[in-house]
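Asker: have a look at this prediction, sequence included:
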Protein chains: 2
Amino acid sequence: MAQAKRRIRRTAEEARQAILAAAVEQLRASGPASIRLAEIARDVGVSHPAILHHFGSREELLKAVVQEALERLHGELFEVLSHAEASEASSVEILDAMAETLETAGHARIIAWLSLSGVADAMDRGRMRQVAEVVHARRLEALPHGIKAPHFEDTLFTCVLATHAIMGEALLGRALRQSSGLGDDPAASTRFRRWLARLLVEKLEPGE
Amino acid sequence: MAQAKRRIRRTAEEARQAILAAAVEQLRASGPASIRLAEIARDVGVSHPAILHHFGSREELLKAVVQEALERLHGELFEVLSHAEASEASSVEILDAMAETLETAGHARIIAWLSLSGVADAMDRGRMRQVAEVVHARRLEALPHGIKAPHFEDTLFTCVLATHAIMGEALLGRALRQSSGLGDDPAASTRFRRWLARLLVEKLEPGE
DNA sequence: AGCGCTATCTACAGAAGTGTCAATAGGGAG
DNA sequence: CTCCCTATTGACACTTCTGTAGATAGCGCT
């Protein structure tokens, strides 16, 4: 009858990782407000007090999840940019790769959740400015002679616009395509990205 | 002692409106998942069963709130566009007005909440295409001679980009300004809008 | 004034979620 | 093999939230 249930005993670190993974997925899917200990426990295959044992409280689990998610994001973006730099990729390809990362890994959704619920304020440390400075340096380098150098803020705003576009496409892409009469055509998304990349590149590197 | 509490008795319609208003505000502030009957009841100044009396269940209240919020949004956008058309406003001014509406009234946040939580799918009926068609007609009209007519999709994508930018600015504006080293400068937001408007207008009406 | 409709209230039931506790058992160390 | 540490569990306490039920009290109508 009631067979004694065989316990799987992980190391503390393995357990934390398994729990964090399930929690991040939950965060991506339904936001921080709907993170339930029982549900995550079920996904991992443990009982919910186990989670409390490793994280102390739901609140602290949430903190850890947010940190984990942001670290994954920064890590992946760093990797994408490193690859791009190493392979001398074109601006179009870089933009494409970043969009791909944000969209398919669900990072865009997570950022939106955190931003809306005000959970992750000021965890960023000026990354946008760093990126913009790199782009601006490239831009000045490739500047044809006799053309007035653009202001830094122009480059910065261009980067901000690119960010908004990528995020917006990840969040509202499907809905807007529906609303545009494009149906569910997934190719429309890549067409938009290509179009956007051309627009931005023409703005930043008018010579090419 | 316990003074009999004087009840305020509203008409059913007034009560519904008061409840909806409080609920929409809650939706804007913290999203659909955190809509609590007791809290809304407190805001309105009634007991929570009163809400259930008027709406039947939390679920139906939520439906009504979503519908109300989207109707407000469509109404306000329609008004803005009507004004713009009547006053022959410039494209820059139109964009500015729409951004203002989306941002200050909190519509952008609401849309983002609904989109993330998958509550409001397909409530739109092709409005994006309508807008894009109007813009495209204007664009062809103002076209200088001897220039090849742009594809409709180019105009459509431009409108989509504008939408993403406005939404993104409303959602992530503060965070990105922080990350850009611009601090809390609220003027930076208007500078960005101006910059964006110029970019889009130059794309759509290169002659001016 | 008296009556009836119904918006509103208080009190309570039930579900679900977080957190506590003592007991259990897996696995490494000696 | 035995012991000890601690990851894990089932049971339970407590809170919060939705929904129900019966009583009550405004307000229009006659």
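Answerer: Arrived safely.

Asker: so A:G168 sits against B:G168, correct?
Answerer: Yes - using Cβ atoms under 8 Å, A:G168 is in contact with B:G168, at 5.4 Å. Backbone N, C-alpha and C define where each C-beta goes, glycine included.

Asker: who touches stretch A:64-80?
Answerer: A:16, A:20, A:23-24, A:27-28, A:32, A:35, A:55, A:94, A:97-98, A:101, A:105, A:107, A:110-111, A:114, A:119-120, A:123, A:127 (Cβ atoms under 8 Å, 6 or more residues apart in numbering or on different chains).

Asker: what comes up buried for stretch A:197-208?
Answerer: The neighbour-count check on stretch A:197-208 (16 or more other Cβ atoms under 10 Å in any protein chain shown) flags A:A197, A:L199, A:L200, A:K203, A:L204, A:E205 as buried.

Asker: can you put those in JSON lines and add secondary structure and pLDDT?
Answerer: Listed next are the buried residues of stretch A:197-208 as JSON lines, based on DSSP: H, G, I helix; E, B strand; the rest coil; pLDDT from 0 to 100:
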{"residue": "A:A197", "secondary structure": "helix", "pLDDT": "91"}
{"residue": "A:L199", "secondary structure": "helix", "pLDDT": "93"}
{"residue": "A:L200", "secondary structure": "helix", "pLDDT": "91"}
{"residue": "A:K203", "secondary structure": "helix", "pLDDT": "88"}
{"residue": "A:L204", "secondary structure": "helix", "pLDDT": "86"}
{"residue": "A:E205", "secondary structure": "coil", "pLDDT": "80"}
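
Asker: what about A:Q26, is that helix, strand or coil?
Answerer: Recorded secondary structure, A:Q26: helix (DSSP: H, G, I helix; E, B strand; the rest coil).

Asker: what's the closest non-adjacent residue to it?
Answerer: A:I35 (5.3 Å; Cβ to Cβ, 6 or more residues apart in numbering or on different chains).

Asker: and for that neighbour, the neighbour number?
Answerer: Residues near A:I35, counting by other Cβ atoms under 10 Å in any protein chain shown, number 18.

Asker: so who does it touch?
Answerer: Contacts of A:I35 (Cβ under 8 Å, 6+ apart): A:A23, A:Q26, A:L27, A:R58, A:L61, A:L62, A:V65.

Asker: still on that earlier bit, from the buried residues of stretch A:197-208, which are also near chain B?
Answerer: Contacts with chain B within the buried residues of stretch A:197-208, as defined by Cβ under 8 Å from any Cβ of the partner chain: A:L199, A:K203.

Asker: so the helix or strand hosting A:V66, near DNA strand C or not?
Answerer: A:V66 is part of helix A:58-86 when elements are defined by DSSP states H and E. Yes - judged by Cβ under 7 Å from any atom of the strand, helix A:58-86 and DNA strand C are in contact via A:R58, A:E59.

Asker: just the buried members of the contacts of stretch A:64-80?
Answerer: Applying 16+ other Cβ under 10 Å to these flags A:16, A:20, A:23-24, A:27-28, A:32, A:35, A:55, A:94, A:97-98, A:101, A:107, A:110-111, A:114, A:119-120 as buried.

Asker: write out the residues of chain A neighbouring DNA strand D.
Answerer: Checking chain A against DNA strand D by Cβ under 7 Å from any atom of the strand, the hits are A:5, A:7-12, A:15, A:41, A:45-47, A:49-50, A:53-54.

Asker: distance of A:L61 relative to DNA strand D?
Answerer: Remark: distance between A:L61 and DNA strand D (Cβ to the nearest atom of the strand, to the nearest Å) = 13 Å.

Asker: wait, what's in contact with the residue nearest to A:L37 when sequence neighbours are not counted?
Answerer: Ranked by Cβ to Cβ, 6+ apart and with sequence neighbours excluded, the top spatial neighbour of A:L37 is A:H48, at 4.3 Å. Contact partners of A:H48, counting by Cβ under 8 Å, 6+ apart, are A:L37, A:A38, A:I40, A:A41.
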